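>>> Here is my input, please return the structure:
(chains A and B)
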Protein chains: 2
Amino acid sequence: MSEFSIPKGYRASGVRAGIKPSGGLDLALIVADAPGAAAGTFTTNRVAAAPVKWDRELLPSDGIRAIVINAGNANAATGEVGYQNARRTAEIVADHLQCDPEGVLVASTGVIGHQLPMDCLEEGIGRGFEALSYEPSGFNDAANAILTTDSRPKIVSRRIPLESGKFTLFGMAKGAAMIGPRMATMLGFLITDARIAPGALQGILSRAVDESFNCISVEGHTSTNDTVLLLAGSNSDRPFLRGDDLKAFSAVVEDACIELAKMIPDDGEGATHRITVDVQGCRDRDEAEKIARAVADSPLVKTAIHGADPNWGRIVSAAGYAGIPFAESEMSLRLNGVPLYAEGVPLPFDAESVSRDLRANREVHILLSFTRGGASIRFWTCDLTAEYIRLNADYTT
Amino acid sequence: MSEFSIPKGYRASGVRAGIKPSGGLDLALIVADAPGAAAGTFTTNRVAAAPVKWDRELLPSDGIRAIVINAGNANAATGEVGYQNARRTAEIVADHLQCDPEGVLVASTGVIGHQLPMDCLEEGIGRGFEALSYEPSGFNDAANAILTTDSRPKIVSRRIPLESGKFTLFGMAKGAAMIGPRMATMLGFLITDARIAPGALQGILSRAVDESFNCISVEGHTSTNDTVLLLAGSNSDRPFLRGDDLKAFSAVVEDACIELAKMIPDDGEGATHRITVDVQGCRDRDEAEKIARAVADSPLVKTAIHGADPNWGRIVSAAGYAGIPFAESEMSLRLNGVPLYAEGVPLPFDAESVSRDLRANREVHILLSFTRGGASIRFWTCDLTAEYIRLNADYTT
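Down below sits the predicted model:
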């Protein structure tokens, strides 16, 4: 467990509620001392999970007291019963806090299509309240309790010294597969003691998510449960952040989201390489994103990297089917800094040396540059390995 | 080698030109006795191969004498030199036939980004002309010479008894990976002795390809070289097909294209299951296609099938990110005939029995039905296995 800081006015816990068949930690609580502002971004999947539907109706809000998260069951594709179970989960937490259920956000992750075991939830939430702590240990337990196939917890924290005072940001996330976020991602939770109005908070979170969680993928399968939540300002004796302080805060949130988001493909199921895809020189960000996503999600690109194969034709051909009407002569490619293709023409290069470099290093850098404009994007993904197949095919029901 | 029929007036051959490092058959010729009508459909990839660019300019045409196909080198992402090499290949064939190079179509498949070894091409074409035969053996050699990682040749033939006479259709295709055709597919070649005008022929081919090669995928990576060509009517003493005969011919072409297209995912690299995805009850065909493609290309769906895991949440969640604004209550799912999800509600089912069924049978049927309209589509794909990863990562440069 690495060192991290917790914003004032928040407690957390992670406990065993008996939802995961493994018997591991599977229920997390984050509780604010007082109602605060909250913002959220969610999956665009039409089969949105019940907790996503519940949270979406509530945010942005300035009356949020708690987040309750369960792992082991996604409560997705569960119909009206599933929605009532998400609401009931909020009610159980609200009863402990003596607040409205609308003050409680809910998130779930795990298998799709099964109803939540509500007796486990009820008992687990009771135990979660007993375990609540202001200490890092409580937050570390929470960060572990939201994991499914992840190999490690994903935590960031930032101290934020501003004109109007010193603040702290803490964030945690989960995700190792079914990662192809569009407008949202798997589960991410951030809290801060800076005081920010809900509308401003939503803008800050949405911009940060666009540059972080929306720029990662493992295999491109957009989940039903993608949720990122940001709570702020429960420490309500402070003034609202304004002007330069708000901008500085926003930059810290974006930076923390990027750090957290990168941990997801880095822990991608079976992954052996971290791949950064830079797409530059496009007409607009949307062009750059479509090209980066096509490259990052191509199983042929991902297996080539896994095999340390400088088979760069797979990269330029993936860019070619992204739906952007570029000409080949507008495109150049570098792999780990080595120019392979320049303005539509293949270059001679030392394939053995590029392959050795791919074999020796976990980090891979793909740079696709165009001569179409000034827009760019940075995208993060991982390679595709036989271990991913084994995890998703051989170890199942 | 199974029995098949060859249309009158065509010869073919397949020879070793030394392009494939393996030393296998890698150059195919199809030669018509007289100039005939030809239609083609091609990749929408912006990094289109040089031979695709050459053919696109020529079709539809009524002056095509030959198709020359090489395997082992895609002649894609090769710039102006690559285009000149494609033209030169047509010229070499045209010299043998004493026709214009514009009477020769070219197709290539193999590794991207390397220039064609033109000396091998020139010598191989010479040997290909010596080997030309009207017999099935020549066509069988050609069908083998266009393969790369395919495990077997892909051939169809049809006898077509029409009012105006008896005709024959022969077709061959290749492809086992980099299969995610959009508006075209990997290589497919069809020839017939029925006489049809180029415009009508193009319409017939385009419709057939939409229902066949455009409805398959292996991993969804749209190739740079996708090409389907249809030659007709070199037997020019017959009248043009008209009316009911033209309709009947068109239906045979579609049927033959579907049979040929299905052979591709059936031979998908490492595949252990053939998956048919039926999407029914959509507002229009485009809706149905987007949903079918999202399901067919999801690595999580493909690994679940491979693992005989009735984890149907992966199927409905893939449909959910297809970009179609359906409501969950409009969707139902059957897997191998077993109802798993009905109008947004999960159904109880015998998971052990469905899993046993998946384990025992190579054929898998996914039926997603909606209550949005009358449009439907049938899509074919295969599962994703560790063997696919091995083939694309471990056995490379």
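>>> Check the offset of the longest helix seen in chain A from the chain's centre.
In chain A, with assignment by DSSP state H, the single longest helix is helix A:243-266. The chain centre lies 12 Å from the centre of helix A:243-266; the measure is C-alpha atoms, centre = their mean, to the nearest Å.
>>> Now that helix: buried residues?
For helix A:243-266, the neighbour count (16 or more other C-beta atoms under 10 Å in any protein chain shown) marks A:245-246, A:248-250, A:252-266 as buried. Every residue, glycine included, has its C-beta placed from N, CA and C.
>>> who does residue A:41 bridge with?
Counting by DSSP bridges, residue A:41 is bridged to residue A:228.
>>> I should have written residue A:240 there, sorry.
residue A:195.
>>> ok, it touching residue A:195?
Yes: with contact defined as C-beta atoms under 8 Å, residue A:240 reaches residue A:195; the gap is 5.2 Å.
>>> Mutual contacts of these two, please.
residue A:233 (C-beta atoms under 8 Å, 6 or more residues apart in numbering or on different chains).
>>> Residue A:44 - that's part of a helix, no?
No: under DSSP: H, G, I helix; E, B strand; the rest coil, residue A:44 sits outside any helix and is assigned coil.
>>> That one and residue A:72, how far apart?
Distance, residue A:44 to residue A:72, using C-beta to C-beta, to the nearest Å: 24 Å.
>>> Looking at these two, which is more packed in?
Using other C-beta atoms under 10 Å in any protein chain shown as the criterion, residue A:44 and residue A:72 rank with residue A:72 on top: 25 against 15.
>>> After the strand or helix carrying the more buried one, which helix or strand is next?
According to DSSP states H and E, residue A:72 maps onto strand A:61-73. Downstream of strand A:61-73, the first helix or strand assigned by DSSP H and E is helix A:79-97.
>>> any idea what sits nearest residue A:354, other than its immediate chain neighbours?
residue A:310 (4.1 Å; C-beta to C-beta, 6 or more residues apart in numbering or on different chains).
>>> wait, doesn't the one you found sit right on residue A:356?
No: here residue A:310 lies out of contact with residue A:356, judged by C-beta under 8 Å, at a distance of 9.9 Å.
>>> neighbour-wise, which of those two wins?
With neighbours defined as other C-beta under 10 Å, residue A:310 and residue A:356 compare such that residue A:310 has more, 26 against 13.
>>> Now that one: phi and psi?
phi -80, psi 50 (degrees, to the nearest 10).
>>> What spatial separation is found between the residue of chain A most remote from its centre and chain B?
For chain A, the residue at maximal distance from the C-alpha centroid (C-alpha atoms, centre = their mean) is residue A:348, at 39.0 Å. Counting by C-beta to the nearest C-beta, to the nearest Å, the separation of residue A:348 from chain B is 11 Å.
>>> And that residue, what's its pLDDT?
Residue A:348 carries a pLDDT value of 93.
>>> Leaving out chain neighbours, which residue sits closest to whatever residue of the stretch 51-200 of chain A ends up closest to chain B?
Nearest residue of the stretch 51-200 of chain A to chain B: residue A:112, at 2.4 Å (C-beta to the nearest C-beta). Nearest non-adjacent residue to residue A:112, counting by C-beta to C-beta, 6+ apart: residue B:313, 2.4 Å away.
>>> The one you found is in contact with residue A:78, isn't it?
No: counting by C-beta under 8 Å, residue B:313 sits too far from residue A:78 to count as a contact (9.6 Å).
>>> Spit out the residues that contact the two alike.
Residues within reach of residue B:313 and of residue A:78 at once, by C-beta under 8 Å, 6+ apart, are residue A:113.
>>> quick one, which of residue A:240 and residue A:195 is more surrounded?
Per other C-beta under 10 Å, whichever of residue A:240 and residue A:195 has more neighbours is residue A:195, with 21 against 16.
>>> That one contacts residue A:241, doesn't it?
Yes: the criterion here is C-beta under 8 Å, and residue A:195 meets it with residue A:241 at 6.5 Å.
>>> For the stretch 151-300 of chain A, which segments count as strands?
Remark: strands assigned in the stretch 151-300 of chain A by DSSP state E, counting those that start in this stretch are A:154-162, A:165-173, A:187-192, A:227-232, A:274-282.
>>> got the ones you listed as JSON lines, with distance to residue B:57 columns?
Formatted as JSON lines, these follow (distance: least, C-beta to C-beta, whole Å):
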{"stretch": "strand A:154-162", "distance to residue B:57": "53"}
{"stretch": "strand A:165-173", "distance to residue B:57": "51"}
{"stretch": "strand A:187-192", "distance to residue B:57": "51"}
{"stretch": "strand A:227-232", "distance to residue B:57": "50"}
{"stretch": "strand A:274-282", "distance to residue B:57": "28"}
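>>> a markdown table please, covering these and showing mean pLDDT.
As requested, the strands of the stretch 151-300 of chain A are exported to a markdown table (pLDDT from 0 to 100):
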| stretch | mean pLDDT |
| --- | --- |
| strand A:154-162 | 90 |
| strand A:165-173 | 90 |
| strand A:187-192 | 86 |
| strand A:227-232 | 88 |
| strand A:274-282 | 96 |
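>>> Arrange those in CSV, one row each, with mean neighbour count as further columns.
Formatted as CSV, the entries for the strands of the stretch 151-300 of chain A read as follows, by neighbours: other C-beta atoms under 10 Å in any protein chain shown:
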stretch, mean neighbour count
strand A:154-162, 18
strand A:165-173, 23
strand A:187-192, 29
strand A:227-232, 29
strand A:274-282, 22
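>>> do you know which of those lies nearest residue B:279?
strand A:227-232 (28.1 Å; C-beta to C-beta).
>>> Just want the angle from that closest one to strand A:165-173.
Orientation check (axes from the mean of the first three to the mean of the last three C-alpha atoms, to 10 degrees): strand A:227-232 against strand A:165-173 gives 160 degrees.
>>> chain center to strand A:227-232, what's the gap?
Computed by C-alpha atoms, centre = their mean, the chain-centroid distance of strand A:227-232 equals 11 Å.
>>> Could you find the closest non-adjacent residue to whatever residue of the stretch 151-300 of chain A ends up closest to chain B?
Nearest to chain B in the stretch 151-300 of chain A, going by C-beta to the nearest C-beta, is residue A:222, at a distance of 3.7 Å. The shortest distance from residue A:222 to any non-neighbouring residue, by C-beta to C-beta, 6+ apart, is to residue B:321 (3.7 Å).
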